[in-house]
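A.B. asks: take this sequence and fold it.
(4 chains)
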2 protein chains.
Amino acid sequence: MNLNELRYIVAVAQERNFRRAAERCFVSQPALSTAVQKLEEELGVQIFERSRTEVTLTRVGARLVEQAQRTLEEVERLRALAREGRDQLIGALRLGVIHTVGPYVLPDLIPALSQVAPEMPLEVEESTTAQLEINLKNGLVDVLLLALPFDVPGIEALPLYDEVFEVVVPARHRWARKRALPPQALSEERVLLLNTGHCFSNQVAEACPEVGRGTSGVSAPGNSLETIRNMVASGSGVTVLPASANSERYRSALLTVVPFTDPAPSRRIALVWRKSFGREKAVEVLATALRSLHLPGVTILPFDAAIVPGIPFTTANAPKPPASA
Amino acid sequence: MNLNELRYIVAVAQERNFRRAAERCFVSQPALSTAVQKLEEELGVQIFERSRTEVTLTRVGARLVEQAQRTLEEVERLRALAREGRDQLIGALRLGVIHTVGPYVLPDLIPALSQVAPEMPLEVEESTTAQLEINLKNGLVDVLLLALPFDVPGIEALPLYDEVFEVVVPARHRWARKRALPPQALSEERVLLLNTGHCFSNQVAEACPEVGRGTSGVSAPGNSLETIRNMVASGSGVTVLPASANSERYRSALLTVVPFTDPAPSRRIALVWRKSFGREKAVEVLATALRSLHLPGVTILPFDAAIVPGIPFTTANAPKPPASA
DNA sequence: ATGTACTGATAGGCAGAACATATCACAGCG
DNA sequence: CGCTGTGATATGTTCTGCCTATCAGTACAT
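C.D. replies: As a prediction, the model looks like this:
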């Protein structure tokens, strides 16, 4: 049995004539005739009574044709479902994001995205890179927004932007009036950082080896940079934050932001998803929305930027987008 | 799209593994892989996410698989309907029968048939041969029980039995004590017959030309031989009836039945149906039931008896059933 | 590190299904 | 009697569906 055979018997039942039915099915009359015979044979039931003058439905035939119609309707419904699902910008997109990016990106991202893809709500999960990797692999989330490197097989990555690090000190701190600080300076102070489960802490420690090796690095509780910012404001030490964390939204009169001396340490933020994840269009729209957020201290990368951050970003070697878009 | 493809995606969705799904579908893994790809291509939608380690449903995929299952269920329901309809002894059989046969056959036929085919009730229509022919052609009835000849294209006929004619006279009639009468004798009497729309009347007239030509033949009102029997009982004349009309059931003290002299005139009763009518089994059961009714004055015919009555039946030339059944 | 086992995708070849064209057998009608 | 219209049949071609063999990549144990 196949769907064409069902279409054929429905057509014959409606037309009560093999030729016209064949025409309506866009096949030759013999093709239709033999197909109907084959179906009757397979079902072991005569569906039509054929006389030279007219074609009639048998009693069973009438019920079979009715059921065939129902079946074909279900097939049509399936087609309709596929048609609806064809638009990749319909349906929630589950985004995993690291703690040190989420709070500074999502408030602007979500309205921007709902503008360009109103039928694709974001479902956000905030966690550490390690946990996000697990959830991406087992399909609990679709796309990750995190800091490179992220070298995992079966994964596609699209670098979005580089973001410099900045020193944050209490407003009355002796460094508050400095124009810039070299990374080494941090060894002189108590530097509050998230625990080592957070990639950002490790990247700071890497950029400022004194903090990593010496005793100046202090692990703060929780998963939020905002906790640390408040601790700094209350005089518990200094810290290093990614530039996007120092937007107007999060600025405080109690704190002062001091940039690093050139070349400032930075991190490369990227979108990452399973190669097998089919909604490229959704990822593309998400990437475009992220690139156009106008975050402070951030340099948008061209589409072909390297996965590895490479030489820390400076204004001197800022990558240019290719001439041909 | 075809039904196998639907079966395949359901299997993959259940097994979450192409190999196992292929095994369950009794096809090779490549066959299943390409079929699923083909369907995804056709629908323009990704149904599964394939990674090396596992297969996951996309959101659309989940809905499509669900709908595919519904569709396959409808197909299964169609198969079930066919299975039910396969038994040709299920469902009413519409039988057309001539007026001069019905009353003498049906009272015994109906219970006999409901014995061997309880799920095949008879729907009986009693009429003249001409009207029955029309109704058989346009499908209002399925099978006819009538007297031969009945030569119509596209029609199958199965002769069942030969039935002699008998003379019926009032009990005190001068013929009542005769052992037998020659057909010619009828010209001496008023012979009551149905009008010429009834084949039986014509057959009597044919067998006894004197009745047909002369004035002895009298057309009685109505379509029932029983009306005529009563008229004979009340002395309006004599008549000729088929032997089955003179069973115990219809016998009367006011009447006497006198056989014709050998060779007695007779008629050949047959079942007749459209060649395209598919329920041969139903016809066969009906024929068998009719053959085993034990009607008086009736000789059962072998299966290969001629359509034309041929030489009037006598005990001398009685046909024998073939050795091999 | 490296070999083994497992995944799904791909390549090439073959058999059968599905189809088209041409023709037949038959009923109905003028 | 010839003409028209019906569904069935015959024959050849095209294409689909499937097979086996193989590849490419990941996971995992050694």
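A.B. asks: contacts only, for the closest residue to A:Leu57 other than its chain neighbours.
C.D. replies: The shortest distance from A:Leu57 to any non-neighbouring residue, by CB to CB, 6 or more residues apart in numbering or on different chains, is to A:Ala13 (5.8 Å). To be clear about C-beta, it is placed using only N, CA and C from the backbone, and glycine gets the same treatment. Counting by CB atoms under 8 Å, 6 or more residues apart in numbering or on different chains, A:Ala13 touches A:48, A:57, A:61-62, A:65.
A.B. asks: repeat that for A:Asn202.
C.D. replies: Here A:Asn202 is in contact with A:Thr196 (criterion: CB under 8 Å, 6+ apart).
A.B. asks: ok so, going back, are any of the contacts of A:Ala13 buried, and if so which?
C.D. replies: When these are checked for burial by 16 or more other CB atoms under 10 Å in any protein chain shown, the buried set is A:48, A:57, A:61, A:65.
A.B. asks: does the third one lie in a helix or a strand, and which?
C.D. replies: Assigning secondary structure by DSSP states H and E places A:Gly61 in helix A:59-85.
A.B. asks: hmm, the very next helix or strand once past that helix touching chain B?
C.D. replies: From helix A:59-85 onward toward the C-terminus, using DSSP H and E, the following helix or strand is strand A:93-98. No - Strand A:93-98 lies out of reach of chain B by CB under 8 Å from any CB of the partner chain, never closer than 10.0 Å.
A.B. asks: burial measure for A:Ala205, as a count.
C.D. replies: Residues lying near A:Ala205 (other CB atoms under 10 Å in any protein chain shown) number 19.
A.B. asks: if you could redo that for A:Asn223, that was the one I meant.
C.D. replies: 17.
A.B. asks: and it, what does it touch?
C.D. replies: By CB under 8 Å, 6+ apart, the neighbours of A:Asn223 are A:99, A:126, A:128, A:194, A:198.
A.B. asks: now do the SS call for it.
C.D. replies: Following DSSP: H, G, I helix; E, B strand; the rest coil, the label given to A:Asn223 is coil.
A.B. asks: and if you look at A:Val12?
C.D. replies: helix.
A.B. asks: tell me the domain ranges of chain A?
C.D. replies: Annotated domains of chain A cover A:3-85, A:88-325 [automatic domain parsing].
A.B. asks: got TSV for those, with mean pLDDT too?
C.D. replies: What follows is those, written out as TSV (pLDDT from 0 to 100):
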stretch	mean pLDDT
domain A:3-85	86
domain A:88-325	81
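A.B. asks: and of those, who's closest to B:Leu160?
C.D. replies: Ranking the domains of chain A by proximity to B:Leu160 (CB to CB) places domain A:3-85 first, at 23.4 Å.
A.B. asks: end to end on that closest one, go ahead and measure it.
C.D. replies: Domain A:3-85 has an end-to-end distance of 23 Å (CA to CA, to the nearest Å).
A.B. asks: one more: stretch A:10-28?
C.D. replies: Counting by CA to CA, the terminal residues of stretch A:10-28 are separated by 16 Å.
A.B. asks: just how off-centre is that stretch within its chain?
C.D. replies: When C-alpha coordinates are averaged (CA atoms, centre = their mean, to the nearest Å), stretch A:10-28 and its chain have centres 49 Å apart.
A.B. asks: tally of neighbours for the closest residue to A:Glu74 other than its chain neighbours?
C.D. replies: With CB to CB, 6+ apart as the criterion, A:Glu74 has its nearest non-adjacent residue at 4.0 Å, and that residue is B:Thr71. B:Thr71 is flanked by 25 other residues according to other CB under 10 Å.
A.B. asks: quick one, what contacts B:Thr71?
C.D. replies: A:71, A:74-75, A:78, B:3, B:6.
A.B. asks: export the residues you listed to TSV and tack on distance to DNA strand D?
C.D. replies: Output for the contacts of B:Thr71, formatted as TSV (distance: CB to the nearest atom of the strand, whole Å):
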residue	distance to DNA strand D
A:Thr71	17
A:Glu74	19
A:Val75	14
A:Leu78	16
B:Leu3	10
B:Leu6	12
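A.B. asks: and A:Ala21, helix, strand or coil?
C.D. replies: Going by three-state DSSP: A:Ala21 is helix.
A.B. asks: centroid-nearest residue for chain A?
C.D. replies: Residue closest to the average C-alpha location in chain A (CA atoms, centre = their mean): A:Val143, at 3.1 Å.
A.B. asks: how close does that residue sit to B:Tyr8?
C.D. replies: Using CB to CB, to the nearest Å, one obtains 29 Å as the distance from A:Val143 to B:Tyr8.
A.B. asks: what of A:Leu3?
C.D. replies: 15 Å.
A.B. asks: between those two, which is the more surrounded one?
C.D. replies: Ranked by neighbour count (other CB under 10 Å), A:Leu3 and B:Tyr8 place B:Tyr8 first, with 26 against 17.
A.B. asks: quick one: contacts for the closest residue to A:Arg86 other than its chain neighbours?
C.D. replies: Nearest residue to A:Arg86 in three dimensions, chain neighbours excluded: B:Gly44, at 4.8 Å (CB to CB, 6+ apart). By CB under 8 Å, 6+ apart, B:Gly44 lies in contact with A:82-83, A:86.
A.B. asks: list buried residues within these.
C.D. replies: Judged by 16+ other CB under 10 Å, buried ones among these: A:Ala82.
A.B. asks: ok, A:Val238 - contacts?
C.D. replies: Applying CB under 8 Å, 6+ apart, the residues near A:Val238 are A:167-170, A:173, A:175, A:186, A:189-192, A:232.
A.B. asks: make JSON lines out of these and add distance to A:Leu254 and secondary structure.
C.D. replies: Below are these laid out as JSON lines (distance: CB to CB, whole Å; DSSP: H, G, I helix; E, B strand; the rest coil):
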{"residue": "A:Val167", "distance to A:Leu254": "15", "secondary structure": "strand"}
{"residue": "A:Val168", "distance to A:Leu254": "10", "secondary structure": "strand"}
{"residue": "A:Val169", "distance to A:Leu254": "10", "secondary structure": "strand"}
{"residue": "A:Pro170", "distance to A:Leu254": "6", "secondary structure": "strand"}
{"residue": "A:His173", "distance to A:Leu254": "10", "secondary structure": "coil"}
{"residue": "A:Trp175", "distance to A:Leu254": "14", "secondary structure": "helix"}
{"residue": "A:Leu186", "distance to A:Leu254": "20", "secondary structure": "helix"}
{"residue": "A:Glu189", "distance to A:Leu254": "17", "secondary structure": "coil"}
{"residue": "A:Arg190", "distance to A:Leu254": "17", "secondary structure": "coil"}
{"residue": "A:Val191", "distance to A:Leu254": "18", "secondary structure": "strand"}
{"residue": "A:Leu192", "distance to A:Leu254": "15", "secondary structure": "strand"}
{"residue": "A:Val232", "distance to A:Leu254": "8", "secondary structure": "helix"}
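A.B. asks: what would those residues look like in JSON lines with distance to chain B and neighbour count?
C.D. replies: Formatted as JSON lines, the contacts of A:Val238 follow (distance: CB to the nearest CB, whole Å; neighbours: other CB atoms under 10 Å in any protein chain shown):
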{"residue": "A:Val167", "distance to chain B": "42", "neighbour count": "26"}
{"residue": "A:Val168", "distance to chain B": "41", "neighbour count": "24"}
{"residue": "A:Val169", "distance to chain B": "46", "neighbour count": "21"}
{"residue": "A:Pro170", "distance to chain B": "49", "neighbour count": "19"}
{"residue": "A:His173", "distance to chain B": "50", "neighbour count": "19"}
{"residue": "A:Trp175", "distance to chain B": "49", "neighbour count": "17"}
{"residue": "A:Leu186", "distance to chain B": "42", "neighbour count": "27"}
{"residue": "A:Glu189", "distance to chain B": "46", "neighbour count": "18"}
{"residue": "A:Arg190", "distance to chain B": "45", "neighbour count": "16"}
{"residue": "A:Val191", "distance to chain B": "40", "neighbour count": "26"}
{"residue": "A:Leu192", "distance to chain B": "40", "neighbour count": "22"}
{"residue": "A:Val232", "distance to chain B": "43", "neighbour count": "26"}
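A.B. asks: thanks a lot, catch you later.
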